[in-house]
Structures are given as C-alpha cells and as structure tokens.
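Student: Fold the stuff below for me.
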Amino acid sequence: MSGLFEPTLYMVKGMAILDSDGNRLLTKYYDPTIFPSVKEEKKFEKQLFNRANAEITMINRLTCVYRSNVDLYFYVIGSSQENELILQSVLNCLYESVSTILRKNVEKRTLLDNLDIIMLAFDEICDGGIPLETDPQVVAQRVSLRVEESPFNDQTVTQVLQSAREQLKWSLLK
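Tutor: Numbers count the residues shown, from 1 in each chain. Okay, here's the model as predicted:
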C-alpha cells in the first residue's frame, strides 16, 4: 500500500480569477508550502494563464481546471492525485455563483464593483482547502444575506468614519 495516498478533505490548493491579460483579480491559496511567496504565486498564475487552452491541465504537479467567460478566467487548483471531477464541481460552483451574484453579467468591471461579495463567495465555497458547498444558488443566497446584515451596507467610507467618530465621542463622554 505504499503507492496509495491517504484520503484527505483538503482537496483544493487554490482558487483564482484572472483577467484577459493574465493578471490576478482575486486569488486564494490554501497550502502555503506550495507557494510560500506572492512572487511564486504570480509566476504560477502566468503559467496557468498561458496554458489556458484545455479544461484540465497539470502544471508543477498540480491539477488545474479552468473556465473562461468574456474577459475573466476562473481556476481551481488541486494536488496531482486529486479527483478532477471534484475540482470541476468546485469550479462550476464558483463560476455559477459569480454569475448569479453579478446577475449573469460576468465581466471584469462588474466583478471589480462587487469584489467584496465575490470574496464572501470564495469563503462560502471553500474553507482552508476543504470544499464546503457546491450548490451555486446556496452560495449566492448566503452571501446576499451577509451583505444585507452589514451595518455599513449603503454607507460611504466617510459616513462610516463619521459614525465611528460619533460612537467614540459618546463612549468617551459617558
């Protein structure tokens, strides 16, 4: 049994969304031993982008699945022995969640305008490399609830700072 790997829940090594030039818009890596620095992450992302001609590819002993739309490239990365179907289901959830959150307008500008919500979606889909959810409707529903609960939902940064100043002033006066 020396050739078999121990089963693990830590299936996803990273998720990334790159633009049409291969620049990172949003990435999250879950295994610091694979990419110990941002420089190595960006080097890997360039390799990933340059090989974006197959749905499934192997780069640096990592299994990578990808999907593109207009000017965005979505990637999910796993170890070399990881099941591609599991990675593909995480990728489909990521893409469909983003599509639902952005109301089918999946493009760079819209994604950047809603980056905070997309970051929440990343966290709902995968935590520390463990896939948590593969149903995009559930992910979209959860992140929309979190955004609605936010006390700073429709406030500008200036309004938030002013509110914090007022609260601090009142707490010091008591």
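Student: Give me the pLDDT for the most centrally placed residue in the chain.
Tutor: The centre of the chain sits closest to Phe122, judged by CA atoms, centre = their mean, with a distance of 3.8 Å. Looking at Phe122, its pLDDT stands at 93.
Student: surely it meets Tyr29?
Tutor: No. Look at Phe122 against Tyr29 with CB atoms under 8 Å: they stay out of range, at 11.2 Å. Every residue, glycine included, has its C-beta placed from N, CA and C.
Student: so what sits against both of these two?
Tutor: Common contact partners of Phe122 and Tyr29 (CB atoms under 8 Å, 6 or more residues apart in numbering): none.
Student: Count the residues that sit near the closest residue to Leu9 other than its chain neighbours.
Tutor: Of all residues not flanking Leu9 in the chain, Ile130 sits nearest, at 4.7 Å (CB to CB, 6 or more residues apart in numbering). For Ile130, the count of nearby residues is 12 (other CB atoms under 10 Å).
Student: Ile130 touches Gly78, doesn't it?
Tutor: No. With contact defined as CB under 8 Å, Ile130 does not reach Gly78; the gap is 11.8 Å.
Student: Low-confidence regions, this protein specifically.
Tutor: 1-5, 7, 146-157, 159, 174 (pLDDT under 70).
Student: what's the residue nearest to the centre of the chain in contact with, if anything?
Tutor: Phe122 neighbours (CB under 8 Å, 6+ apart): Met15, Leu26, Lys28, Leu94.
Student: Okay, buried residues for the helix or strand where it lies please.
Tutor: Using DSSP states H and E, Phe122 maps to helix 115-125. Of the residues in helix 115-125, those buried by neighbour count under the rule 16 or more other CB atoms under 10 Å are Ile117, Ile118, Leu120, Ala121, Phe122, Glu124, Ile125.
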